[in-house]
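K.L.:
can't give you the sequence, but here's the structure:
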């Protein structure tokens, strides 16, 4: 803290000039891919000091209110005089990492925020099937194609395993009829088959 005395019109006026400060505690923020992430930096008594944001690759995002990074998804937003937030729209997985808000005091004040971007929760979908069967020994063996709703990758290898598992069922025809009424998670769990993760 620096105490200063100024004389205006022959009168003494005491004032205190507080050093810039903000909470330097590291924060962890989780965002959903495709949505908006808000990283907050609250600076008290910034005065004439410069404030910058750096991304996980140490690229300069912004200085004070000016954006430097060539990414239109990112902007500086100031809901009030103390806030120096950055907003990341349509956040991506490669946006994950440690962001730093810094004020160029001596020593430099740093606010660290770890951004974690995770996949959206894809609602379980009913399975659409096309099937044709023929007698294969004691059990009816169905060759079928399964179409997933958007959000899942093609699973040719996994479906081969599902077909092989279906061969072992006592009544695959009944099983396939039941599958139509079950969700994808139940199908996978019942067969013990792994699927790719949602995109």
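P.N.:
It's in. Owing to the predicted nature of the structure, the values given are computational and were not obtained by experimental measurement.
K.L.:
Am I right that residue 117 sits in a strand?
P.N.:
Yes: with DSSP: H, G, I helix; E, B strand; the rest coil as the criterion, residue 117 is part of a strand.
K.L.:
contacting residues for residue 92?
P.N.:
Applying C-beta atoms under 8 Å, 6 or more residues apart in numbering, we find residue 92 in contact with 33, 117. C-beta coordinates here come from the backbone N, C-alpha and C atoms, glycine included.
K.L.:
From residue 120, how far off is it?
P.N.:
Residue 92 sits 12 Å away from residue 120, going by C-beta to C-beta, to the nearest Å.
K.L.:
list the residues that contact both of these two?
P.N.:
Both residue 92 and residue 120 are contacted by residue 33, under the criterion C-beta under 8 Å, 6+ apart.
K.L.:
Give the rounded mean pLDDT of stretch 67-78.
P.N.:
For stretch 67-78, the mean pLDDT works out to 94.
K.L.:
domain assignment for the protein?
P.N.:
The record's domain parsing of the chain by automatic domain parsing lists 16-118, 128-191.
K.L.:
Lowest average pLDDT across those?
P.N.:
Least confident of those, judged by mean pLDDT, is domain 128-191 with a mean of 44.
K.L.:
What is the burial count for residue 109?
P.N.:
Number of residues near residue 109 (other C-beta atoms under 10 Å) recorded here: 19.
K.L.:
and it, what does it touch?
P.N.:
With contact taken as C-beta under 8 Å, 6+ apart, residue 109 is in contact with 20, 21, 22, 24, 102, 103.
K.L.:
who's residue 51 bridged to?
P.N.:
Beta-bridge pairing for residue 51 (DSSP bridges): residue 103.
K.L.:
mind checking how far the nearest residue to residue 24 once chain neighbours are set aside is from residue 120?
P.N.:
In space, residue 24 comes closest to residue 111 once its chain neighbours are excluded; the distance is 5.8 Å by C-beta to C-beta, 6 or more residues apart in numbering. For residue 111, the distance to residue 120 under the criterion C-beta to C-beta works out to 28 Å.
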